[in-house]
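Q: Here you go, sequence then predicted model.
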Amino acid sequence: MAALDAALTHVRSHHDAYLEQLTTLLAIPSVSTLSEHRPDILRTAEWLRDALNCVGMTRAELMPTPLHPMVYAEWLGAPGKPTVLVYGHYDVQPADPLDEWDSPPFEPTVRGDCLYARGVSDMKGQIFAQIKAVEALALQGKLPVNLKYLLEGEEEIGSPSLDAFIEAHRDLLACDFVLNCDSGILAPDLPSLVYALRGLAYFELEVRGPGKDLHSGLFGGSVHNPAQVLCELVAGMHDADGRVTLPGFYDAVVPLDDEERRQIARWPMTDDAWRAMTGAPRLWGEAGYTTLERVGGRPTLEVNGLVSGFIGEGAKTVLPARALAKLSCRLVPEQDPAAIKSMLEHYLAENTPNTVTWRLRELSHGPGALMDRHAAPVRAAAKALKDVFGMEPVFRREGGSIPVVGVLQEKLGVESVLLGFGLPDDSIHGPNEKQHLPTLFKGIETYVRFLAGFQA
């Protein structure tokens, strides 16, 4: 207990130093999707490698992939204790639209209790908090667990190098469980643990009609408009009750059980608050479920983008030759992402008129994941959260996707503990991304208590 108390005292006395260090990390624009930021990706990886060396890892290095390097580190000086693989990603989303930021996205700025910068919540702040917890423990002597780190620079572009890297380094990455820091809690005064993640299947649907754009006055009414066809197809993908109409879409979906619904009901989020957070005039969704049950507990099909014809300023009377839609399905863990494409193809074959042609391309897919809420590492995380926040955490399903959780389940046979400290209103991927600093500092203490909990 003396070592734990000393580690916590160290954390509480270093808030200013932590903020300065985190600001340095956030100022590096590690945008993985833009090739001009490749040097910044490398700088960020090197920063993390050096930070891991400084907290006592006996090995810390950059390992190449076809695109951006993995940061791997390890300390294996606790024989007989669990080996924890810490996962995170150091790349960030583009900051566009820049004119909607109240301060420059890569000039971290404190306003009130929050730090604003691209990547501060998703997820440089979470990685930083975990490393600082290890630092505080290492200063007190031997670490309570064995540690390995796998930090990637491609998560925001679908982790194209990750599967092959894990497959090629199974022995190196062998562990007892994964600590995945790419997560958050429900509110500053309500801790939570994610035990389920939705999978993702992402598609591009193209509808083609005439061989070229046509004059809508000369040819309108004689040639089927691909934009109209696409809109009708997309509209038909949901029924009046908000259910997806793809054949077989719900066959593998397991209903929420009573305990899960009770846990969801503990969330301190009303429909009015959810509506205010989204800016939507009214909420919408599958009939028979509450708003929060739909988020994470039920699968969805969403339109992510529509493009066709003339979309510039003013008027141009054109009948477009093609129309394009980006479609994504968020899938509950029991659904097979690879099977969704055939369902969508069946729907399109049955419903597309022969006046046009269509092509469906799958851009990416990843599995959902369901973790054991009663496993020892999850119980340890729940205890750490209760000790720091003063109340039992809520167990919840996450609406988003973290494909690495399913990949690590499949390739290494290990479960993940999802423990991070972002908040629902952090505006990740959007303008004015932020991190609530009191919550992040509590997060460092939680990581300390979580790792120290394996000391006994």
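A: Looks like it came in fine. Residues are numbered from 1 along each chain as shown.
Q: neighbours of residue 71, just the number please.
A: Counted with other Cβ atoms under 10 Å, residues neighbouring residue 71 total 26. All C-beta spots, glycine's among them, are computed from the backbone N, C-alpha and C.
Q: need the contact list for it.
A: 45, 48-49, 52, 60-63, 90, 149-153 (Cβ atoms under 8 Å, 6 or more residues apart in numbering).
Q: Tell me which helix or strand it sits in.
A: Secondary structure from DSSP states H and E places residue 71 in strand 70-75.
Q: returning to what we had before: show me the contacts of residue 71 that map onto helices.
A: In helices, judged by DSSP state H, the following of those are found: 45, 48, 49, 52.
Q: Count the residues that sit near the second one.
A: What that stands for is residue 48. Per other Cβ under 10 Å, the neighbour tally for residue 48 reads 24.
Q: And the pLDDT at it?
A: Residue 48 carries a pLDDT score of 98 in this model.
Q: do the same with residue 363
A: pLDDT, residue 363: 92.
Q: Residue 1 now?
A: With respect to pLDDT, residue 1 has a value of 74.
Q: about what we covered before: narrow the ones in helices among the contacts of residue 71 to those that are buried.
A: Neighbour counting by 16 or more other Cβ atoms under 10 Å classes 45, 48, 49, 52 among those as buried.
Q: how about the third one, what does it touch?
A: Listed by Cβ under 8 Å, 6+ apart, the contact set of residue 49 reads 60, 61, 62, 71, 73.
Q: which ones are touching the third one?
A: Yep, that's residue 62 we're talking about. Contacts here follow Cβ under 8 Å, 6+ apart; on that basis residue 62 touches 42, 45, 46, 49, 69, 70, 71, 72.
Q: Distance of it relative to residue 447?
A: Distance from residue 62 to residue 447, counting by Cβ to Cβ, to the nearest Å: 24 Å.
Q: what do you get for the first one?
A: In this structure, residue 60 lies at 18 Å from residue 447, with Cβ to Cβ as the measure.
Q: neighbour count winner among these two?
A: The residue with more neighbours, out of residue 60 and residue 447, is residue 447; 29 against 20, by other Cβ under 10 Å.
Q: That one belongs to a helix?
A: Yes: assignment of residue 447 by DSSP: H, G, I helix; E, B strand; the rest coil places it within a helix.
Q: Stretch 427-437: which residues count as buried?
A: For stretch 427-437, burial by neighbour count (16+ other Cβ under 10 Å) applies to 428, 431, 432, 433, 434, 435, 436, 437.
Q: An error on my part: the question was meant for stretch 296-310.
A: By 16+ other Cβ under 10 Å, the buried positions in stretch 296-310 come out as 296, 297, 298, 299, 300, 301, 306, 308, 309.
Q: Next: stretch 108-117.
A: Those would be 108, 109, 114, 115, 116, 117, for stretch 108-117 by 16+ other Cβ under 10 Å.
Q: neighbours of residue 236, just the number please.
A: 12.
Q: And the residue nearest to it when sequence neighbours are not counted, how far from residue 211?
A: Computed as Cβ to Cβ, 6 or more residues apart in numbering, the closest residue to residue 236 that is not its neighbour in sequence is residue 351, at 6.0 Å. In this view, residue 351 and residue 211 are 23 Å apart by Cβ to Cβ.
Q: Looking at these two, which is more packed in?
A: The residue with more neighbours, out of residue 351 and residue 211, is residue 351; 14 against 7, by other Cβ under 10 Å.
Q: Adding distance to residue 103, write the contacts of residue 62 out as JSON lines.
A: Formatted as JSON lines, these follow (distance: Cβ to Cβ, whole Å):
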{"residue": "42", "distance to residue 103": "26"}
{"residue": "45", "distance to residue 103": "26"}
{"residue": "46", "distance to residue 103": "26"}
{"residue": "49", "distance to residue 103": "29"}
{"residue": "69", "distance to residue 103": "30"}
{"residue": "70", "distance to residue 103": "31"}
{"residue": "71", "distance to residue 103": "28"}
{"residue": "72", "distance to residue 103": "34"}
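Q: tell me which of those residues is nearest to residue 190?
A: Of all those, residue 71 has the smallest distance to residue 190: 32.0 Å, by Cβ to Cβ.
Q: number of nearby residues for the closest residue to that closest one other than its chain neighbours?
A: Leaving aside its sequence neighbours, residue 71 sits nearest to residue 151 (Cβ to Cβ, 6+ apart; 4.0 Å). By the criterion of other Cβ under 10 Å, residue 151 has 26 neighbours.
Q: go on, residue 65?
A: Around residue 65 there are 18 residues (other Cβ under 10 Å).
Q: And it, what's its pLDDT?
A: pLDDT, read off for residue 65, is 98.
Q: Give me the nearest residue to it, chain neighbours excluded.
A: Residue 65's closest residue in space is residue 161 (Cβ to Cβ, 6+ apart), at 3.6 Å.
Q: what about the one you found, distance to residue 361?
A: 21 Å.
Q: what's the answer for residue 222, then?
A: Distance from residue 222 to residue 361, by Cβ to Cβ: 30 Å.
Q: quick one, what contacts the closest residue to residue 33 other than its chain neighbours?
A: Spatially, and ignoring its direct neighbours in sequence, residue 33 is nearest to residue 157 (5.1 Å; Cβ to Cβ, 6+ apart). Shown in contact with residue 157 (Cβ under 8 Å, 6+ apart): 32, 33, 91.
Q: Closest to residue 19 out of those?
A: Nearest member of the contacts of residue 157 to residue 19, counting by Cβ to Cβ, is residue 91, at 22.2 Å.
Q: how much space between the closest one and residue 318?
A: Remark: distance between residue 91 and residue 318 (Cβ to Cβ) = 39 Å.
Q: what do you get for residue 71?
A: 50 Å.
Q: circling back: okay if I get the ones in helices among the contacts of residue 71 as CSV plus distance to residue 372?
A: Shown next, in CSV, are the ones in helices among the contacts of residue 71 (distance: Cβ to Cβ, whole Å):
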residue, distance to residue 372
45, 33
48, 30
49, 33
52, 29
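Q: Neighbour count: residue 91 and residue 318, which is higher?
A: Taking neighbours as other Cβ under 10 Å, residue 91 and residue 318 compare with residue 91 leading, 26 against 16.
Q: what number of residues lie near the closest residue to that one other than its chain neighbours?
A: For residue 91, ignoring the flanking residues on the chain, the nearest one in space by Cβ to Cβ, 6+ apart is residue 32 at 3.6 Å. Neighbourhood size, residue 32 [other Cβ under 10 Å]: 27.
Q: now swap in residue 188 and tell me
A: Using other Cβ under 10 Å, the number of residues around residue 188 comes to 14.
Q: Surely it touches residue 440?
A: No: in this structure residue 188 lies outside contact range of residue 440 using Cβ atoms under 8 Å: 10.3 Å.
Q: Quick check: which element contains the nearest residue to residue 188 once chain neighbours are set aside?
A: Excluding the flanking residues, the one nearest residue 188 by Cβ to Cβ, 6+ apart is residue 439, at 5.0 Å. Assigned by DSSP H and E, residue 439 belongs to helix 437-452.
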